[in-house]
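A.B. asks: Structure for the following, please:
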Amino acid sequence: MAFVADDHQQRQQQQLEQRVGDPNNANNNAPPATSTDNVILATAGYDHVIKFWDPSTGNCYRDVKFPDSQINCLQITQDRKYLAAAGNPHVRLYEINSKVNTHLTNYSQHKANVTSIQFQNDAKVLYTGSEDGTIKVWDMRVNTVARDFNNGSNVNEICLHPNECEIVSCDQVGRIRIWDMRKDGSEPRAEGKPEGEISLRSLNIAIDGSLGVVANNVGNAYFWNPNETILNFEKLEAHKGQYVLKCRISPDLNMLATTSADHTVKLWNLKDRTLYKTLTSHQRWVWDCTFSADSSYLVTCSSDHTARLWEVDRGEVIRHYAGHHKAVICCALNDSQN
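C.D. replies: Below you'll find the model as predicted:
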């Protein structure tokens, strides 16, 4: 990344280049699978195309067409071998390092838009939530549904608890529900409504399982403890009167990112719930975001047809990813050192 060359920024550049490669190296135009190994960045949206990017140069090195619908969300397996893309009503699995753009597997038992997907860490189980009101647990070894939870209302997002035994969901009628996969019953272990019937658009669980956050259609986010049976909520007025489209807790547990229909991304200090920075480069709705593994960088994507890479501490864009022809509504990044 091209930073101003003071000592602090040089150190940051060296750390990032260890993960994404030197942008001045011509070999970085090759896929990350061969040039950087440790970084996979993908975006998708309303143009029915998944794009894979070299994060350091901003070059797109692979397009994958998703022919029958928009793409609602993307997930990359922890080992960086596979990417799942969810549409209406299909979820398709792609091999990241393959030169063939056809999917490996098509998960097709949902009956409406698939709004959320998550992998178990060992990539043997896939979790999906849908506007058909169900949450499905797929055994990827045999490509069948192992469990099926009936939520009874459109599922807007799901999150796998770090204990990998519980699924947390939020829905169109304002409910958070926690589903215990260790139990045979179909009822949630716990549930709560932070703000009545107001739709909850996004949720996230901290990587240590200590904190949950959910965001709604009127600009508010709520913190809660996902390990409790009775859920108590702490309100944050994040984007007053505007849709909060995504909320994400940083891996270092210091920050919350919220994206909004007001064209901004806000970064919040989790220790005192105060606003740290407002990121204002996008020109339209900001749909999705994802932190780098060290929490130093944030990728965002927008209806302005672009994705952007931000340096969190400075609140500045350091790379643009342009090439989509319609709204970019989802992004996935894996730069972990595992």
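A.B. asks: Determine the number of other residues adjacent to Pro162.
C.D. replies: 15 (other C-beta atoms under 10 Å). The way it works is simple: take the backbone N, C-alpha and C, and place the C-beta from them, glycine included.
A.B. asks: surely it meets Ser210?
C.D. replies: No: using C-beta atoms under 8 Å, Pro162 makes no contact with Ser210, being 9.1 Å away.
A.B. asks: what residues are shared contacts of those two?
C.D. replies: Taking C-beta atoms under 8 Å, 6 or more residues apart in numbering as the criterion, Pro162 and Ser210 do not both touch any residue.
A.B. asks: So what touches stretch 152-159?
C.D. replies: With C-beta under 8 Å, 6+ apart as the test, stretch 152-159 has contacts from 112, 115-116, 118, 127-135, 167-173, 175, 199-205, 212.
A.B. asks: buried set for stretch 214-225?
C.D. replies: 214-217, 219-224 (16 or more other C-beta atoms under 10 Å).
A.B. asks: Arg189 - nearest residue in space that isn't next to it in sequence?
C.D. replies: In space, and not counting its chain neighbours, Arg189 is closest to Asp180: 4.3 Å by C-beta to C-beta, 6 or more residues apart in numbering.
A.B. asks: That should have said Tyr243, apologies.
C.D. replies: Among residues not flanking Tyr243 along the chain, Ala261 sits closest, at 4.1 Å (C-beta to C-beta, 6+ apart).
A.B. asks: residues near that neighbour, how many?
C.D. replies: Ala261: 18 surrounding residues under other C-beta under 10 Å.
A.B. asks: what about it, distance to Pro55?
C.D. replies: Ala261 sits 26 Å away from Pro55, going by C-beta to C-beta, to the nearest Å.
A.B. asks: How many residues are close by Arg141?
C.D. replies: If you count neighbours by other C-beta under 10 Å, Arg141 ends up with 10.
A.B. asks: can you list the weak-confidence ranges in this protein?
C.D. replies: 1-37, 338 (pLDDT under 70).
A.B. asks: can you map out the helices along it?
C.D. replies: Under the criterion DSSP state H, the chain contains helices at 7-20, 32-35.
A.B. asks: For the residue nearest to Arg319 when sequence neighbours are not counted, which residues are in contact?
C.D. replies: Once flanking residues are discounted, Arg319 sits nearest to Leu309: 4.0 Å by C-beta to C-beta, 6+ apart. Contacts for Leu309 (C-beta under 8 Å, 6+ apart) come out as 1, 55, 297-299, 317-321.
A.B. asks: tally of neighbours for the spatially closest residue to Phe52 that is not a sequence neighbour?
C.D. replies: The spatial neighbour of Phe52 that comes closest, neighbours along the chain excluded (C-beta to C-beta, 6+ apart), is Arg62 at 4.1 Å. The tally of other residues near Arg62 (other C-beta under 10 Å) stands at 17.
A.B. asks: With Cys330 instead?
C.D. replies: Close neighbours of Cys330, defined as other C-beta under 10 Å, add up to 24.
A.B. asks: partner residues bridging it?
C.D. replies: Applying DSSP bridges to Cys330 gives these bridge partners: Ala44.
A.B. asks: That one and Lys246, how far apart?
C.D. replies: Distance, Cys330 to Lys246, using C-beta to C-beta: 9 Å.
A.B. asks: so what sits against both of these two?
C.D. replies: With C-beta under 8 Å, 6+ apart, Cys330 and Lys246 have common neighbours 287-288.
A.B. asks: Pipe the buried residues of stretch 214-225 into a markdown table and attach distance to Val142 per row.
C.D. replies: What follows is the buried residues of stretch 214-225, written out as a markdown table (distance: C-beta to C-beta, whole Å):
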| residue | distance to Val142 |
| --- | --- |
| Val214 | 33 |
| Ala215 | 36 |
| Asn216 | 38 |
| Asn217 | 38 |
| Gly219 | 43 |
| Asn220 | 42 |
| Ala221 | 39 |
| Tyr222 | 38 |
| Phe223 | 38 |
| Trp224 | 35 |
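A.B. asks: Can you tell me which of these comes closest to Ala42?
C.D. replies: In terms of C-beta to C-beta, no member of the buried residues of stretch 214-225 lies closer to Ala42 than Ala215, at 23.0 Å.
A.B. asks: where's that closest one relative to Phe233, distance?
C.D. replies: From Ala215 over to Phe233 the distance is 12 Å, taken as C-beta to C-beta.
A.B. asks: any common contacting residues for those two?
C.D. replies: With C-beta under 8 Å, 6+ apart as the test, Ala215 and Phe233 both reach Tyr222.
A.B. asks: re earlier: wait, doesn't the residue nearest to Arg189 sit right on Glu191?
C.D. replies: No: counting by C-beta under 8 Å, Asp180 sits too far from Glu191 to count as a contact (11.9 Å).
A.B. asks: Might you report the residue contacts of the nearest residue to Asn121 once chain neighbours are set aside?
C.D. replies: Once flanking residues are discounted, Asn121 sits nearest to Gln78: 5.3 Å by C-beta to C-beta, 6+ apart. Going by C-beta under 8 Å, 6+ apart, Gln78 touches 119, 121-123, 334, 336, 338.
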